[in-house]
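Requesting a structural model of the entry that follows:
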Amino acid sequence: MTAPHGPPGPTDAELVARVLAADREAFATVYDRYGTRLYDFAYSMLRHREDAADAVADSFVTFAERLTQLREPDRLRPWLYAIVRSECLRRLKARKRVAFGDEEQLVEMADDTISPEESAEQAALQKLVWDASAGLADRDRALLDLHLRQGLEGAELGEAMGVSASNAYVMLSRLRTQVDRSLGALLIARLGRNACEDLDAVLADWDGGFSPLIRKRVARHVDRCDVCSERRKRIVSPWALLAAVPLFTAPLTLRDRVLDNTQLVAHHVGPGGSGGAGGGATTSAGGLRWGARRVTMAAAALVVLAILATVMLWPGPDATEPLQATPSTPATNLPGSPAATLSPAPATAGTTAVTPSPSATPTPTPTPTPTPSPSGSATQLPGSLSVSTRSIDLGQRSSQATVALTNTGDLPVGYRVTPQASWLSVSPAEGNLGGGRRTDLVVRADRSQVREGTSTGSFLITWDRGSITVQVSLVEERAPEVSRPSVPRNPSCSVPVTVQVTDESRIADVSLNWSGAGGAGKVPMMLSASGWTATIRITVGGWYTLQATATDARGNAASGPMLRVYLYPCPG
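Numbering: from 1, shown residues only. Model (predicted):
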């Protein structure tokens with residue numbers, strides 16, 4: 001999910017310079033590059049589509065007004081997120097509470113690797129944790145979305161949150177613990193109630209809401225309960241579910257609204273390529289939202305003032321000597337100004353003409369606005385990593401997957417991969433990537449080390465400027481192990497048959513199939529101290545074949561080896 005730092009086309013720094021020069025095409029490119037992501041982030045905080053659209057539209061106006069304050073143009077991306085975050089917080093403070101409409105539902109993701117039933121279950125779990133995340137503090141919810149779904153890390157994450165990179169890392173670590181504990185408790189409450197009588201008793205009066213009291217009550221129970229603790233290890237992490245929530249697409253009308261309602265005025269861009277204090281920028285009094293009509297009026301006013309100043313201050317040999325306009329040489333290069341200049345009338349006989357010195361001439365000298373051009377030695381971005389996916393589902397059969405790791409910066413970066421589960425391995429475990437280079441990480445799962453059911457693990461990719469966590473989940477299904485049937489010596493008449501059945505899950509059913517001289521049949525087997533037992537009555541002696549079949553609670557079935565034995569009929 002990490003957005004590349006260097007998208008195709010002009011760099012962010014080049015776009016900033018062009019927008020400062022009132023290039024509307026560049027402004028549109030900024031929206032096309034970041035608008036959808038910013039809308040998705042605004043929606044994650046406000047949970048209302050119209051409010052999110054309003055927040056993004058107002059944020060782009062703020063972007064236009066304050067662009068000269070951006071000291072580092074290549075930091076445009078986190079700066080935009082910071083503006084939207086500030087706008088959303090302002091709107092949240094204006095509300096008495098956050099309201100959620102019934103129409104605000106998660107967009108369903110298509111995944112050909114899972115069945116419709118599994119897809120529906122996954123969507124339900126995503127909606128559960130998405131709704132539950134609304135109970136987090138506004139600041140925590142913004143941090144969660146910026147990192148998990150917008151892909152901001154390290155310095156960028158800190159800049160968007162208004163804190164240092166180290167503080168952002170500490171906040172993120174604390175938040176992850178809170179999410180896994182609090183939202184994980186809600187998943188247990190929703191999914192594990194039938195498996196634990198004590199949990200069912202804790203939730204006896206639960207109305208399905210996500211109150212802090214219920215979260216704390218369930219979390220305390222899970223910490224003390226072996227059944228629920230084990231289940232919490234196997235369920236999909238709430239962190240991974242939130243990371244997989246799809247983007248909310250911005251309405252098509254929002255682009256036109258942003259581009260039509262935001263007007264740009266050219267700013268002088270200093271040698272450093274950026275505006276603002278210390279950057280050599282000069283701005284018009286109205287900011288970047290001055291329209292073309294106001295610019296024309298201002299230019300005309302400057303021309304009139306220049307002409308008046310010239311008339312009043314022009315030196316001559318006599319205070320009463322008349323002056324006349326000679327339309328031969330333009331007086332100013334200001335756009336839209338008339339091509340006229342005021343000069344002294346020709347000297348008459350006996351009068352010495354006075355030629356004005358350049359220093360005494362107050363003719364305004366306009367400062368041309370240079371056209372920004374990319375620097376010949378563009379600043380190279382530090383190395384930063386992104387992955388093709390943050391969530392891997394190996395399903396029931398796969399044991400291996402590939403993740404693309406890309407350096408989105410210009411400088412080389414070294415990385416290390418650390419598995420967070422004993423059954424996971426990743427290769428290569430470490431390496432170096434040049435700027436813009438990509439490598440494939442091969443992820444392998446040792447299914448022999450996981451229990452039957454759903455297992456979730458992760459691996460951590462770290463480098464000097466940040467880290468990425470990739471979640472890995474799989475489902476392991478194992479059929480029961482069934483022994484060969486056993487019978488007493490010289491079996492006759494009512495013959496007891498015993499088998500041994502083992503399975504990691506609960507055994508749901510065991511049955512005995514028999515066939516031979518007296519016919520064929522199937523009888524259920526019951527659990528006893530010696531194993532699973534059943535009795536068959538023999539009326540016709542002869543050779544018989546016995547075989548048991550077991551099914552566990554997950555629906556996995558297996559049959560054991562067959563026993564061929566001679567059975568004697570009942571006497572008489």
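
Can you pull the poorly scored residue ranges out of the stretch 1-150 of the chain?
1-8, 95-135 (pLDDT under 70).

how about the helices of it, start to end?
12-20, 24-46, 49-66, 76-94, 116-133, 138-148 (DSSP state H, counting those that start in this stretch).

Out of these, flag the one nearest residue 498.
Proximity to residue 498, assessed across the helices of the stretch 1-150 of the chain by Cβ to Cβ, is greatest for helix 116-133 (37.3 Å). Yep, even glycine has a C-beta here, placed from its N, CA and C like the rest.

Could you point out the longest helix of this structure?
Secondary structure of the chain read by DSSP state H shows that its longest helix is helix 165-191.

Name the next helix or strand downstream of that helix, please.
helix 197-202 (DSSP states H and E).

Hmm, residue 424 is touching residue 460, no?
No. Applying Cβ atoms under 8 Å, one finds residue 424 not in contact with residue 460, separated by 10.7 Å.

More neighbours: which of the two?
Neighbour comparison, residue 424 and residue 460: the larger count goes to residue 424, with 22 against 14 (by other Cβ atoms under 10 Å).

residue contacts, the more buried one?
Applying Cβ atoms under 8 Å, 6 or more residues apart in numbering to residue 424 gives the contacts 443, 444, 445, 446, 457, 458, 459, 472.

What ranges does the stretch 151-300 of the chain have for its helices?
According to DSSP H, counting those that start in this stretch, the helices that the stretch 151-300 of the chain contains are 154-161, 165-191, 197-202, 212-224, 226-234, 238-243, 252-261, 292-313.

Against which helices or strands is the longest one packed?
Judged by 3 or more Cβ pairs under 8 Å, 6 or more residues apart in numbering; DSSP states H and E, the packing partners of helix 165-191 are helix 116-133, helix 138-148, helix 154-161, helix 212-224, helix 226-234, helix 238-243.

so residue 428 touches residue 417, yeah?
Yes. Taking contacts as Cβ under 8 Å, residue 428 lies within contact range of residue 417: 7.5 Å.

what is in contact with these two at once?
Residues touching both residue 428 and residue 417 by Cβ under 8 Å, 6+ apart: residue 441.

Tell me which of the two has more neighbours.
The neighbour comparison of residue 428 against residue 417 (other Cβ under 10 Å) goes to residue 417, with 21 against 13.

Let me know whether the more buried one touches residue 430 as I believe.
Yes. Using Cβ under 8 Å, residue 417 makes contact with residue 430 at a distance of 6.7 Å.

picking that back up, now for the contacts of residue 424, which pair is the farthest apart?
Of all pairs in the contacts of residue 424, the most separated under Cβ to Cβ is 446 and 458 at 15.3 Å.

Looking at those two, which has the bigger crowd around it?
residue 458 (20 against 12).

Can you pull the phi/psi pair for the more buried one?
Note on residue 458: backbone dihedrals following degrees, to the nearest 10 are phi -160, psi 170.

Who is it paired with across the strands?
residue 471 (DSSP bridges).

show me where the stretch 451-572 of the chain has strands.
453-463, 466-476, 481-482, 494-499, 501-502, 507-516, 519-524, 526-528, 531-537, 542-552, 557-559, 563-567 (DSSP state E, counting those that start in this stretch).

Where does pLDDT dip in the protein?
Using pLDDT under 70, the flagged stretches of the chain are 1-8, 95-135, 181-182, 192, 208-212, 232-247, 263, 265-379, 572.

let's see it at 50
1-6, 96-114, 271-377 (pLDDT under 50).

Show me it divided up by domain.
108-246, 291-360, 385-476, 481-567 (automatic domain parsing).

before we move on, the earlier item: quick one: closest of the strands of the stretch 451-572 of the chain to residue 36.
Closest approach to residue 36 among the strands of the stretch 451-572 of the chain is made by strand 466-476 (21.7 Å; Cβ to Cβ).

who does the closest one touch, helix- and strand-wise?
helix 238-243, strand 385-387, strand 391-393, strand 438-445, strand 453-463.

would TSV of those with distance to residue 183 be doable?
Formatted as TSV, those follow (distance: least, Cβ to Cβ, whole Å):
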stretch	distance to residue 183
helix 238-243	4
strand 385-387	23
strand 391-393	16
strand 438-445	25
strand 453-463	14
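
Out of those, which is closest to residue 518?
strand 453-463 (42.0 Å).

Other residues contacting that closest one?
233-237, 240, 383-385, 387, 405, 413-421, 423-424, 426, 441, 443, 445, 467-476, 504-505, 554.

hmm, 7 Å instead?
234-237, 383, 385, 387, 405, 413-421, 423-424, 426, 467-476 (Cβ atoms under 7 Å, 6 or more residues apart in numbering).

mind checking the end-to-end distance for stretch 422-431?
End-to-end distance of stretch 422-431 (Cα to Cα, to the nearest Å): 22 Å.

was I right about residue 18 contacting residue 26?
Yes. Contact status for residue 18 versus residue 26: in contact at 3.5 Å, counting by Cβ atoms under 7 Å.

So which of those two has more stuff around it?
residue 18 (23 against 19).

That one and residue 36, how far apart?
Counting by Cβ to Cβ, to the nearest Å, the separation of residue 18 from residue 36 is 21 Å.

tally of neighbours for residue 216?
13.

Sorry, slip of the keys, the one I care about is residue 438.
Neighbours of residue 438 (other Cβ under 10 Å): 13.

How about residue 544?
Neighbours of residue 544 using other Cβ under 10 Å come to 23.

How much space separates it from residue 418?
59 Å.

Show me which of the contacts of residue 424 is closest to residue 531.
Using Cβ to Cβ, those come closest to residue 531 at residue 446, 31.6 Å.

excluding its backbone neighbours, what's nearest that closest one?
residue 423 (4.7 Å; Cβ to Cβ, 6 or more residues apart in numbering).

Quick one: buried ones out of the contacts of residue 424?
Buried by 16 or more other Cβ atoms under 10 Å: 443, 444, 445, 457, 458, 459, 472, out of those.

which one among these gets closest to residue 47?
Residue 47 has its nearest neighbour among the buried ones among the contacts of residue 424 in residue 458, at 27.8 Å by Cβ to Cβ.

With distance to residue 46 added, can I get the strands of the stretch 451-572 of the chain in JSON lines?
Compiled in JSON lines, the strands of the stretch 451-572 of the chain are given as follows (distance: least, Cβ to Cβ, whole Å):
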{"stretch": "strand 453-463", "distance to residue 46": "30"}
{"stretch": "strand 466-476", "distance to residue 46": "27"}
{"stretch": "strand 481-482", "distance to residue 46": "54"}
{"stretch": "strand 494-499", "distance to residue 46": "61"}
{"stretch": "strand 501-502", "distance to residue 46": "54"}
{"stretch": "strand 507-516", "distance to residue 46": "47"}
{"stretch": "strand 519-524", "distance to residue 46": "58"}
{"stretch": "strand 526-528", "distance to residue 46": "56"}
{"stretch": "strand 531-537", "distance to residue 46": "59"}
{"stretch": "strand 542-552", "distance to residue 46": "47"}
{"stretch": "strand 557-559", "distance to residue 46": "50"}
{"stretch": "strand 563-567", "distance to residue 46": "69"}
